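Novice: Take a look and give me a structure for this.
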Amino acid sequence: MPRAPATLTAVDGVRVGHAQDPNARSGVTALVFASAAPTVIDVRGGAAATYDTASLSLESTFGRRWALFFAGGSVFGLDAARGVRERILEEGGGHTAFRNPHTVVPISGAALFDLPSSATELPDYRSLGYDAARAASRRAVTFGRVGAGTGATVDKLRGRKFASPGGVGSAAARVRGLGWIGVLAVANSVGAIRDPSTGRWISGAGGAKGLHVSKVGGASARGTNLVAVVTDAAVSRSELARIAILTQSGLARAVVPANTATDGDLVFATSTAGTRPSRPEERPGGRADALGTAAADLVAIALRAAISSR
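Specialist: The predicted model follows:
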């Protein structure tokens, strides 16, 4: 019997959980770390909805996170942060800061646009965030229309009526001599999805000749591909920034078009090993290049899994 492909939870120090409201067709996915882990973000889309990401810049002082979350609901989905934080506190996570007695739990997240076209009641994203964090485990990541991918769609550049289901996907691999690296992606793209290894279109809008912005007349589509890449290799935050950049290149190979004015395409990059000193590199940047190149391939695999598991 063939072995199931590895998912993000193959990386040491990370758990993943989903929660969704099937009636509202939206949900939350939480990535919970064993301890506060160095994290960076790379945002390329023009309409990102994010939670507490300013301090993830390289020049900032406190760039570590206990968890990341992805949510539906556009800016409403950012309320999931409170629920994720509550659950981590219940589990004994968090730390004190500046000798203050209160425990703080720095987390970051991002939301995609899956709002219904009618004025229906939106789900309680705080509760969904709590449930997603409570469900977080080391089991293989569930794919498809779960968690943040519950209401996700792709192929929206020509209009929402042409959209097809998106979802959550994940993939992981061991990089020789360094450790594991894994990707979790939520496919909710404005553009179409293709397999860069074969050139075959996986979602329908690409068509036989491909999809080009110049052929689409001003469609007001909204989307967002949310990606988290996590490694258990000991790397610096500057190396994480390079890994995130390389992961974005994989996203751009798989989604056409990516990083548009009306999407929120972004990548979080985290190391669960912290920033312990490691052996000298054979060449500058070699560690980040190896891990980032692997992540670029994995994000395409994760996106393919997200839309084929429906």
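Novice: and residue 88, what does it touch?
Specialist: When contacts are counted by C-beta atoms under 8 Å, 6 or more residues apart in numbering, residue 88 touches 32, 66-67, 94, 105, 107, 133. (Glycine included, C-beta is placed from N, CA and C.)
Novice: and it, what pLDDT?
Specialist: Per-residue confidence (pLDDT) for residue 88: 98.
Novice: Quick one: the contacts of residue 88 as CSV, columns for neighbour count and secondary structure too.
Specialist: Putting the contacts of residue 88 into CSV (neighbours: other C-beta atoms under 10 Å; DSSP: H, G, I helix; E, B strand; the rest coil) gives the following:
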residue, neighbour count, secondary structure
32, 26, strand
66, 26, strand
67, 29, strand
94, 17, coil
105, 19, coil
107, 27, strand
133, 30, helix
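Novice: quick one: contacts for the nearest residue to residue 122 once chain neighbours are set aside?
Specialist: Leaving aside its sequence neighbours, residue 122 sits nearest to residue 76 (C-beta to C-beta, 6 or more residues apart in numbering; 5.4 Å). Contacts for residue 76 were tallied using C-beta under 8 Å, 6+ apart; they are 111, 115, 122, 125.
Novice: helix/strand/coil for residue 16?
Specialist: Three-state call for residue 16 (DSSP: H, G, I helix; E, B strand; the rest coil): strand.
Novice: ranking the contacts of residue 76 by neighbours, who comes first?
Specialist: Using other C-beta atoms under 10 Å as the neighbour test, those are led by residue 111, with 30 neighbours.
Novice: Isn't that one up against residue 79?
Specialist: No: taking contacts as C-beta atoms under 8 Å, residue 111 lies outside contact range of residue 79: 9.4 Å.
Novice: what's the overlap in contacts for the two?
Specialist: Residues within reach of residue 111 and of residue 79 at once, by C-beta under 8 Å, 6+ apart, are residue 73.
Novice: Show me what the one helix or strand in the chain whose mean pLDDT sits lowest is packed up against.
Specialist: Lowest by mean pLDDT, DSSP states H and E among the helices and strands of the chain is strand 200-201, with a mean of 86. Under the contact criterion of 3 or more C-beta pairs under 8 Å, 6 or more residues apart in numbering; DSSP states H and E, strand 200-201 touches strand 192-195.
Novice: what pLDDT, on average, does the strand it packs on get?
Specialist: So the average pLDDT for strand 192-195 ends up being 90.
Novice: Buried residues of that strand, list them for me.
Specialist: Using 16 or more other C-beta atoms under 10 Å as the test for burial, strand 192-195 gives 192-194.
Novice: Going by contacts, tell me the helices and strands next to that strand.
Specialist: Looks like strand 192-195 contacts strand 200-201, helix 237-254, strand 255-256, helix 286-308 (3+ C-beta pairs under 8 Å, 6+ apart).
Novice: Break down the stretch 51-200 of the chain into its strands, ranges please.
Specialist: Using DSSP state E, counting those that start in this stretch, the strands of the stretch 51-200 of the chain run over 64-71, 95-96, 103-104, 107-111, 153-154, 164-165, 167-175, 179-187, 192-195, 200-201.
Novice: Check the spacing between the residue nearest the centre of the chain and residue 105 real quick.
Specialist: Compute the mean C-alpha point of the chain, and by C-alpha atoms, centre = their mean the closest residue is residue 227, 2.5 Å away. Using C-beta to C-beta, to the nearest Å, residue 227 is found at 23 Å from residue 105.
Novice: just residue 181 next, same as before
Specialist: Relative to residue 105, residue 181 is positioned 25 Å away (C-beta to C-beta).
Novice: can you check residue 251 too?
Specialist: According to C-beta to C-beta, residue 251 stands 29 Å off from residue 105.
Novice: again, but for residue 190
Specialist: Look at residue 190 and residue 105: by C-beta to C-beta, they are 33 Å apart.
Novice: Same check on residue 117?
Specialist: The spacing between residue 117 and residue 105, counted by C-beta to C-beta, is 35 Å.
Novice: just residue 46 next, same as before
Specialist: Residue 46 sits 30 Å away from residue 105, going by C-beta to C-beta.
Novice: again, but for residue 59
Specialist: With distances taken as C-beta to C-beta, residue 59 is found 23 Å from residue 105.
Novice: now swap in residue 67 and tell me
Specialist: Going from residue 67 to residue 105 by C-beta to C-beta gives 8 Å.
Novice: list residues touching both of those two?
Specialist: The contact sets of residue 67 and residue 105 overlap at 85, 88 (C-beta under 8 Å, 6+ apart).
Novice: ok now do residue 226, which residues does it touch?
Specialist: 70, 110, 112, 148, 185-186, 188, 264, 266.
Novice: Which pLDDT value does the model give it?
Specialist: 98.
Novice: Low-confidence stretches in this protein?
Specialist: Where the chain drops to pLDDT under 70, the residues are 1-4, 204-221, 274-283, 309-310.
Novice: can you count the residues close to residue 5?
Specialist: Number of residues near residue 5 (other C-beta under 10 Å) recorded here: 15.
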